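**Student:** my questions are about this predicted structure, shown below with the sequence.
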Amino acid sequence: GAHGGKIAITDFGAEVATNKIDQGDFAAYTIATFRLPNRATYSVQEYAEWQRHGLVIYPLRLLLEVLQELNSLGCGWITPREVAIIVVPMAGDRQTASYTAQQIVDYRKNPDSFSNWPDCTPESNDMRFIREYLLFLANYGYVEEMGQVSDGDDRFDEKYRYIPELSDA
């Protein structure tokens, strides 16, 4: 090709591809280990900035923890928009899942009170990436996609419901 790049599969990827690791184990491993920043997708400068601040986030694990907390508060669902507006800045500020869930509850009661929060998802693809994390969790049975919050909302207002039976397993 024009760029002369080489594509290689990791040992883990080869085990998944040949069914030595089943889909359930793949999902559990990914949830436990997928972290940001990711050297493969961040520029050297972006990665260094995260390191400078000592920031590491496990987004899939965090989403499940926040959903579990929301569930304990009687409202066990989240939207990609809520993740962007509340969870992302809370994660960057190293807040707990419990505190983050309470902020989401407060946001649902009075979204205008959060209008001065920083926009931590300014790039055109940021909301799509957030939604893809939730779609991953839905695809592997950790959450359930429930449709729009209300008529006329877009795909970033889809509800993803926590499945509490997973906590009992």
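**Tutor:** Happy to help now that I have it. Residues are numbered from 1 along each chain as shown.
**Student:** give the buried residues for the lowest-mean-pLDDT helix or strand in the chain.
**Tutor:** Lowest by mean pLDDT, DSSP states H and E among the helices and strands of the chain is helix 11-17, with a mean of 82. By neighbour count with 16 or more other CB atoms under 10 Å, helix 11-17 contains the buried residues residue 16. C-beta: built from backbone N, CA, C; applies to glycine.
**Student:** other SSEs contacting that helix?
**Tutor:** Helix 11-17 sits against no helix or strand, with contacts defined as 3 or more CB pairs under 8 Å, 6 or more residues apart in numbering; DSSP states H and E.
**Student:** what are the boundaries of the helices in this protein?
**Tutor:** Ranges of helices within the chain are 11-17, 23-33, 44-52, 59-72, 80-82, 88-92, 97-109, 126-139, based on DSSP state H.
**Student:** neighbours of residue 141, how many?
**Tutor:** The number of residues packed near residue 141 is 12, by other CB atoms under 10 Å.
**Student:** from residue 67, how far out is the residue lying closest to it once chain neighbours are set aside?
**Tutor:** Nearest residue to residue 141 in three dimensions, chain neighbours excluded: residue 163, at 7.2 Å (CB to CB, 6 or more residues apart in numbering). Separation of residue 163 from residue 67 (CB to CB, to the nearest Å) stands at 9 Å.
**Student:** these two - which one has more neighbours?
**Tutor:** The residue with more neighbours, out of residue 163 and residue 67, is residue 67; 27 against 17, by other CB under 10 Å.
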